[in-house]
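**Student:** have a look at this prediction, sequence included:
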Amino acid sequence: MLKFPIYLDYSATTPVDPRVAQAMIPWLTEHFGNPASRSHAYGWEAEKAVEDAREQVARLVNADAKEIVWTSGATESNNLAIKGAAQFYKGKGKHIITLKTEHKAVLDTFRELERQGFEATYLDVQENGLVDLSALKDAIRPDTILVSVMFVNNEIGVVQPIAQIGEICREKGIVFHVDAAQATGKVEIDLQTLKVDLMSFSAHKTYGPKGIGALYVRRKPRARLEAQMHGGGHERGLRSGTLATHQIVGMGEAFRIAREEMKTENERVGALRDRLMKGLQDIDATYINGDVEHRVPHNLNISFAYVEGESLIMAIKDVAVSSGSACTSASLEPSYVLRALGRNDELAHSSIRFTIGRFTTEEEVDYTIDLLHKKIGKLRELSPLWEMVQDGVDLDSVQWAAH
Amino acid sequence: MAYSEKVLDHYENPRNVGAFGKEDEGVGTGMVGAPACGDVMKLQIKVGKDGVIEDAKFKTYGCGSAIASSSLVTEWVKGKTVEQALEIKNTQIAEELALPPVKIHCSILAEDAIKAAVADYKKKQG
Ligand SMILES: Cc1ncc(COP(=O)(O)O)c(C=O)c1O
Ligand code: FES
């Protein structure tokens, strides 16, 4: 039995795994103590739960539990890491580097630092979405203090060469931050070997609850930060605020499951993604966005030429997916990520991101393939662009009456 | 984006999809918008000897509101003279389809498409 709409938007957020939800509940009702309460058993048991969860998060990424700081999510972790490091090291220099394809939580934080007087470089990526390492090396200046590169891109799912970037940064003594919100449970992360100083995590992309995340802060060699949230001095002064025990327990359980089941899950999900990709590539004039090799197993981002994104989303409302964009005039910009790959606006307009997950079935994938075949056909019947292309018109040669 | 019943109806069952030969007798073709903007509308009218629009066809690359707007105007122009067709205003289209403010430009595009089709027709008449 199919349940509609079919959820294929696991990179936007995931459902909380029922095992995670079960683990969280007692920490809301029965064991409600404040983990910072040192004077009674309510506090002690909550503190133990928090520390156990910290251990689980650390284990997924092969770090030490002491290197994990709780936050409200990857947005906050990115803010704390980037602003915190830039402000701490500003005496050394004022230049910071990131990619044009980063999440807004990084890009907008960079913009804020520019307003504070830092100088930022936003690197182009290659056509496959991957950073060009020589361009990165060229961009580094004597006063560069921070590089921030995401592990896995949220739109196109490409996996950046974090190990190589880490080597480059470490050699030059530059702090290296990685937004790993989309990477946990999808790719191996080994912080004993990766030369990463700061790494952001979020629970809700990995079957945990929303509103909880963590920042990895390396101890050896030690990464230093200026706190962004002041108060009771929780989390060794790096992030004040009463810890949300139930959320933290949920993130710990979600990351434990990710570590234990990642291998089998990625095989299953990858097979479904490949099935979807094969099924959709049968359609004429389709383009896969982003490198296919260096990619997480659950992401497929594909453009269907000559149909417009918003009407496509409307046509396939039986599946819940993300669209690159809709018409610019409605002030919905075409995806800046796809544009950074050099995709033209039409293809950026007609892209769909399918992200598969733990609860996706083969039946759902097959239904989706069938639906897309039908609806793309219908929209192309309606499309003057498709008609022109069928008639042999080169669309680039047309003088459009832009408005 | 929540769509009105009428937009959904036109979107699900677009009226008068298709094309006339551009060079055919009495046919005026208007194409407005640009692929880079996310919308291209092609509207064609077929005008009888008496100056009345006998038939109309459209194809639209654009959002649901743009498709509905163009489908609607193919119905509206039929039976009108070309001069009457020019009186159709985007506000009437937007009102009929209950378009939200961000979608008003889809109706403007439909109005522009009528104007372009009529201009093409007139040009061909010489
Ligand atoms: C790459 C990336 N970074 C950061 C975030 C923000 O994470 P959070 O929702 O936990 O603040 C997201 C999720 O939208 C993401 O995909
Ligand atoms: S065509 Fe631009 S939003 Fe409708």
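**Tutor:** Received it, and whenever you're ready, just let me know what you need. Numbering: from 1, shown residues only, chains lettered A, B, ... in the order given. Ligands and ions are numbered 1, 2, ... in the order given.
**Student:** okay, helices next: where are they in chain B?
**Tutor:** Taking DSSP state H, the helices of chain B run over residues B:5-12, B:64-77, B:82-85, B:90-97, B:104-125.
**Student:** again, but for the stretch 251-400 of chain A
**Tutor:** For the stretch 251-400 of chain A, the helices defined by DSSP state H, counting those that start in this stretch cover A:309-315, A:336-340, A:345-349, A:362-381, A:384-390.
**Student:** Three-state assignment for the spatially closest residue to residue A:201 that is not a sequence neighbour, please.
**Tutor:** The spatial neighbour of residue A:201 that comes closest, neighbours along the chain excluded (C-beta to C-beta, 6 or more residues apart in numbering or on different chains), is residue A:214 at 4.6 Å. C-beta: built from backbone N, CA, C; applies to glycine. Recorded secondary structure, residue A:214: strand (DSSP: H, G, I helix; E, B strand; the rest coil).
**Student:** and residue A:214, how far is that from residue A:223?
**Tutor:** 14 Å (C-beta to C-beta, to the nearest Å).
**Student:** before we move on, what about residue A:118?
**Tutor:** 18 Å.
**Student:** ok, now residue A:390?
**Tutor:** Counting by C-beta to C-beta - residue A:390 and residue A:223 are separated by 57 Å.
**Student:** who has more neighbours out of the two?
**Tutor:** residue A:223 (22 against 11; other C-beta atoms under 10 Å in any protein chain shown).
**Student:** confidence score at that one?
**Tutor:** At residue A:223, the model reports a pLDDT of 97.
**Student:** got it, and residue A:174?
**Tutor:** Looking at residue A:174, its pLDDT reads 98.
**Student:** equivalent analysis for residue A:326, please.
**Tutor:** Looking at residue A:326, its pLDDT stands at 48.
**Student:** who in chain A is up against ligand 1?
**Tutor:** For chain A, the residues in contact with ligand 1 (C-beta under 6 Å from any ligand atom) are A:73, A:74, A:75, A:103, A:105, A:150, A:154, A:179, A:181, A:182, A:202, A:213.
**Student:** who's in contact with the most centrally placed residue in chain B?
**Tutor:** The geometric centre of chain B, computed from its C-alpha atoms, lies nearest to residue B:70 (C-alpha atoms, centre = their mean), at 3.9 Å. Going by C-beta atoms under 8 Å, 6 or more residues apart in numbering or on different chains, residue B:70 touches B:41, B:43, B:58, B:60, B:109, B:110, B:113.
**Student:** and the two most separated of these?
**Tutor:** B:58 and B:109 (11.3 Å; C-beta to C-beta).
**Student:** what's the overlap in contacts for those two?
**Tutor:** Taking C-beta under 8 Å, 6+ apart as the criterion, residue B:58 and residue B:109 both touch B:41, B:70.
**Student:** count of neighbours near the residue nearest to residue A:5 when sequence neighbours are not counted?
**Tutor:** Using C-beta to C-beta, 6+ apart and skipping residues adjacent in sequence, the residue nearest residue A:5 is residue A:320, 4.5 Å away. Using other C-beta under 10 Å, residue A:320 has 16 neighbouring residues.
**Student:** surely residue A:320 is in contact with residue A:11?
**Tutor:** No. Using C-beta atoms under 8 Å, residue A:320 makes no contact with residue A:11, being 11.7 Å away.
**Student:** so what sits against both of these two?
**Tutor:** With C-beta under 8 Å, 6+ apart, residue A:320 and residue A:11 have no common neighbours.
**Student:** so which bits of the stretch 151-300 of chain A are right by chain B?
**Tutor:** Residues of the stretch 151-300 of chain A found near chain B (C-beta under 8 Å from any C-beta of the partner chain): none.
**Student:** and the residue of the stretch 151-300 of chain A that's closest to chain B?
**Tutor:** residue A:285 (13.2 Å; C-beta to the nearest C-beta).
**Student:** do you know how far that residue is from ligand 1?
**Tutor:** Relative to ligand 1, residue A:285 is positioned 29 Å away (C-beta to the nearest ligand atom, to the nearest Å).
**Student:** where's residue A:29 relative to residue A:254, distance?
**Tutor:** Look at residue A:29 and residue A:254: by C-beta to C-beta, they are 20 Å apart.
**Student:** next one: residue A:61
**Tutor:** Taken as C-beta to C-beta, the span from residue A:61 to residue A:254 is 13 Å.
**Student:** higher neighbour count, the two?
**Tutor:** Counting neighbours by other C-beta under 10 Å for residue A:61 and for residue A:254 shows that residue A:254 has the greater number, 31 against 24.
**Student:** the more buried one reaches residue A:206, doesn't it?
**Tutor:** Yes. Counting by C-beta under 8 Å, residue A:206 is a contact partner of residue A:254 at 5.3 Å.
**Student:** mutual contacts of the two, please.
**Tutor:** Residues touching both residue A:254 and residue A:206 (C-beta under 8 Å, 6+ apart): there are none.
**Student:** can you give me the neighbour number for residue A:2?
**Tutor:** By other C-beta under 10 Å, neighbour count at residue A:2 equals 11.
**Student:** where are the low-confidence patches of chain B?
**Tutor:** B:1 (pLDDT under 70).
**Student:** rerun at 90
**Tutor:** Within chain B, the segments meeting pLDDT under 90 span B:1-3, B:34-39, B:63, B:102, B:125-126.
**Student:** what residues does it have near chain A?
**Tutor:** B:1, B:3, B:11, B:14, B:17, B:19, B:31-42, B:59-64, B:66-67, B:102-103, B:105, B:109, B:112, B:116.
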